[in-house]
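Undergrad: Any chance you could fold what I've pasted below:
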Amino acid sequence: MPRATSAPRNFLSVLDLDPADLDRCLQISARMKADRSLGREAPTADVLGGRHVAMLFEKASLRTWTTFAIAVRELGGNVVALLPDVSLGRREAVADVARSLERWVDAVIVRTFSHRVLEEFAAAAPRLHVVNALTDDEHPCQALADALTIRDRLGALEGVRVAWVGDGSNVLVSLAELGKLLGYEVVAAGPEGYEARGVETVRDPREAVRGADVVVTDTWISMGQEHERVKRLHDLEPYRLDRTLLSLASPDAFVMHCLPAHPGEEITAEVLYGPESAIWDEAENRLHVQKALLALLLGA
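TA: Reported below is the predicted structural model:
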């Protein structure tokens with residue numbers, strides 16, 4: 001998969017790709033999804049040509065770790081799984097970790113807490129390709145998977161109305177920013193104090209969901225927020241995605257959730273596992289968009 005000379009080096013935010021690159025990434029994703037059954041015969045099976053991609057994860061992960069590891073291998077690269085004690089800024093300075101890795105590997109996929117730390121890491125190693133696998137501020141790879149899921153289901157992104165209900169998480173930030181670039185609208189609903197940075201939020205979840213093509217929610221208690229559990233459950237209870245709320249959406253609307261889910265909290269089991277759920281397709285699409293992203297960034 002040839003890489004255009006103007007292709008970005010890093011993917012720290014959805015804003016690192018312009019609309020043309022984002023559309024190209026989604027097109028490559030769809031092609032890779034269709035070609036995956038070909039295995040080593042797939043046209044993209046040796047895009048990375050044995051190059052090394054390190055995985056530096058400071059936060060727990062199921063989908064992100066698994067899909068990135070498979071993505072690297074299916075593109076013909078080598079995964080370097082860094083041990084948990086390779087921490088950023090504790091055992092060793094953030095910049096020193098980056099400078100060392102720059103001498104050995106071609107790219108680093110980073111899952112950490114502070115977005116500022118991720119930016120510091122990328123700035124210290126300009127020859128590395130750095131990919132954001134989640135920070136407290138953004139989750140851009142999840143947003144790409146969500147966009148692919150919407151396009152798979154509806155055939156297009158332009159003009160789609162996406163309703164978000166509940167906590168204004170990092171996923172919402174990336175999803176909304178991506179919508180501005182690709183033409184879909186995100187309407188968020190949540191209580192005061194739970195708004196996402198830069199996303200206009202209404203208080204009534206019914207207002208957000210009414211007529212929506214897609215309804216999205218996320219866990220109410222993210223990693224590091226466990227001490228706020230009682231307050232969060234109380235404040236967010238009116239925003240639970242149940243069948244009554246979903247009934248206000250478009251008749252063909254479907255539901256997304258980045259997982260892990262907590263049935264009975266942000267979403268009911270009836271909706272999570274029901275016929276309107278696109279959640280497992282969404283999880284699968286993490287693999288395809290991340291393969292496409294690596295091909296776009298590192299393709300020879």
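Undergrad: give the contact list for residue 56.
TA: Residue 56 sits next to 82, 86, 88, 97, 101, 108-112 when contact means C-beta atoms under 8 Å, 6 or more residues apart in numbering. Placement of C-beta: from N, CA and C, glycine included.
Undergrad: and if we set it to 7 Å?
TA: Counting by C-beta atoms under 7 Å, 6 or more residues apart in numbering, residue 56 touches 82, 86, 108, 110.
Undergrad: If we ignore the residues flanking it in sequence, what's nearest the second one?
TA: Sequence neighbours aside, residue 56 is the residue nearest to residue 86 in space, at 6.2 Å (criterion: C-beta to C-beta, 6 or more residues apart in numbering).
Undergrad: per-residue confidence for the one you found?
TA: In this model, residue 56 is scored at 98, pLDDT.
Undergrad: so is it in a helix, a strand, or just coil?
TA: Look at residue 56: counting by DSSP: H, G, I helix; E, B strand; the rest coil, its state is strand.
Undergrad: thinking again about what came up before, okay, the contacts of residue 56 in JSON lines with secondary structure next?
TA: Listed next are the contacts of residue 56 as JSON lines, based on three-state DSSP:
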{"residue": "82", "secondary structure": "coil"}
{"residue": "86", "secondary structure": "coil"}
{"residue": "108", "secondary structure": "strand"}
{"residue": "110", "secondary structure": "strand"}
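Undergrad: Name the nearest of these relative to residue 169.
TA: The closest of the contacts of residue 56 to residue 169 turns out to be residue 110 (C-beta to C-beta; 18.5 Å).
Undergrad: Distance check, the closest one against residue 55.
TA: 9 Å (C-beta to C-beta, to the nearest Å).
Undergrad: next one: residue 199
TA: 30 Å.
Undergrad: now residue 269
TA: For residue 269 relative to residue 55 (C-beta to C-beta), the value is 32 Å.
Undergrad: Which of these two has more residues huddled nearby?
TA: residue 55 (22 against 11; other C-beta atoms under 10 Å).
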